[in-house]
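Chemist: Make a model of this:
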Amino acid sequence: GTLWKFIRTQGRVTYDDDRLIRVHSRTPGWIETLYVRTDGVRVQRKDDLADYFSPDVLLAQRDYIESLRDSELESFGGAAAKDPATAFRERAGVDMLRYLRVPSMDIMGLERSMEPRSIVPIKAPQGGVIIEHNVREGMFVTPADTMFTIADLSEVWVMVDVFEHQIAWMRPGLSAEITTPAWPGRVWQGEVEFVYPEVDAQARTLRARLEFANPDEALKPNMFVEAVIYGGPKRDVLILPREALILSGERELVVVSLGDGRFQPVEVKTGMWRGDEVEVLDGLEEGDEIVVSGQFLIDSESNLQASFRRLGE
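Modeler: Sure, this is the predicted structure:
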């Protein structure tokens, strides 16, 4: 028959690491005004997060203004073209301001006013939720300090664990779905995004990462979910009822009927287990008649008879 490969497991919603952005300053400076004061605040791209003062940014603005003034003097003097050195300084000044994350609108304003700004805004590089902020007004920050962490929740990861005997066909690209008690009746469709290369030494499980679209952000990080991973059908396999299998220590046994009330235990090798059905890889042939119910009584009786024979000897 056909066995459908699927795994039922539990998982936990986590942030998509590819959609996490950490905001740093490019130079040392002081936070003058803070616009985000708590975690959980939602921001849009280019929203102001804070204003900060940096001597390096101020110096870079002054150098750029000086290069602009030199360029104006050359134009006023009737020069047909800019001096290459002046043009280079002007381009270098713009590049330095962009490197220091001075917004383009501020650079344009600087060109018009020819006056440096002592305060530079720190803007959100993407929309999302502030999940971490580590600054306060008046605080001195350096490029090594993470000021804000912004998470985009439009896509999330679900981390699941699968048992060692289920990993043979686990691979990226398999379809998956999840449900959660928080939203009864709702199902999210996704796929296996990554399978980790290491089995947990204690739990004997393999971790996999599932990816799901979350446009309405109904899936919250750290939420528990029920997950099903689908691997497709496995056709033309020999199937054994689960009830017929006897697990005896390191062996898997099935009681085969030989006819005329005679029975024989046979060791088998099993493959995939799905609900009440088990794949048989070796030990039985199609058409063999096996005991589905009561095999433990037969096994116990044969063991007792063997013990009596040994006592008689």
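Chemist: show me what contacts residue 140?
Modeler: Counting by Cβ atoms under 8 Å, 6 or more residues apart in numbering, residue 140 makes contact with 28, 29, 30, 31. Just so you know, the C-beta spots here come from the backbone N, C-alpha and C atoms, and that holds for glycine as well.
Chemist: any idea which element residue 111 lies in?
Modeler: helix 104-113 (DSSP states H and E).
Chemist: outside of that helix, which residues touch it?
Modeler: The contact list for helix 104-113 (Cβ under 8 Å, 6+ apart) reads 61, 64, 65, 68, 94, 97, 98, 116, 117, 120, 121.
Chemist: Could I get the buried residue list for the following helix or strand past it?
Modeler: Downstream of helix 104-113, the next assigned helix or strand under DSSP H and E is strand 119-123. Using 16 or more other Cβ atoms under 10 Å as the test for burial, strand 119-123 gives 120, 121, 122.
Chemist: Which one of those is nearest to residue 201?
Modeler: Using Cβ to Cβ, residue 122 comes nearest to residue 201 of the buried residues of strand 119-123, at 43.9 Å.
Chemist: ok, now which ones touch the closest one?
Modeler: 23, 25, 48, 49, 50, 51, 52, 101, 147.
Chemist: at 10 Å what do you get?
Modeler: Counting by Cβ atoms under 10 Å, 6 or more residues apart in numbering, residue 122 makes contact with 23-25, 29, 31, 33-36, 48-52, 101, 103, 135, 141, 147-148.
Chemist: how about low-confidence regions in this protein?
Modeler: 72-83, 85-86, 88, 249, 294-313 (pLDDT under 70).
Chemist: can you give me the helices for the protein?
Modeler: With DSSP state H as the criterion, the chain has helices at 55-76, 84-99, 104-113, 295-312.
Chemist: How many residues are close by residue 203?
Modeler: Residues near residue 203, counting by other Cβ atoms under 10 Å, number 11.
Chemist: quick one, what contacts it?
Modeler: Residue 203 touches 161, 163, 164, counting by Cβ under 10 Å, 6+ apart.
Chemist: Next: residue 282.
Modeler: Applying Cβ under 10 Å, 6+ apart to residue 282 gives the contacts 238, 267, 268, 269, 270, 271.
Chemist: again, but for residue 99
Modeler: Contact partners of residue 99, counting by Cβ under 10 Å, 6+ apart, are 26, 27, 60.
Chemist: Closest to residue 286 out of those residues?
Modeler: residue 26 (71.2 Å).
Chemist: how much space between the closest residue to that closest one other than its chain neighbours and residue 106?
Modeler: Distances taken as Cβ to Cβ, 6 or more residues apart in numbering place residue 100 nearest to residue 26, at 4.8 Å, with adjacent residues excluded. Distance of residue 100 to residue 106, computed by Cβ to Cβ, to the nearest Å: 11 Å.
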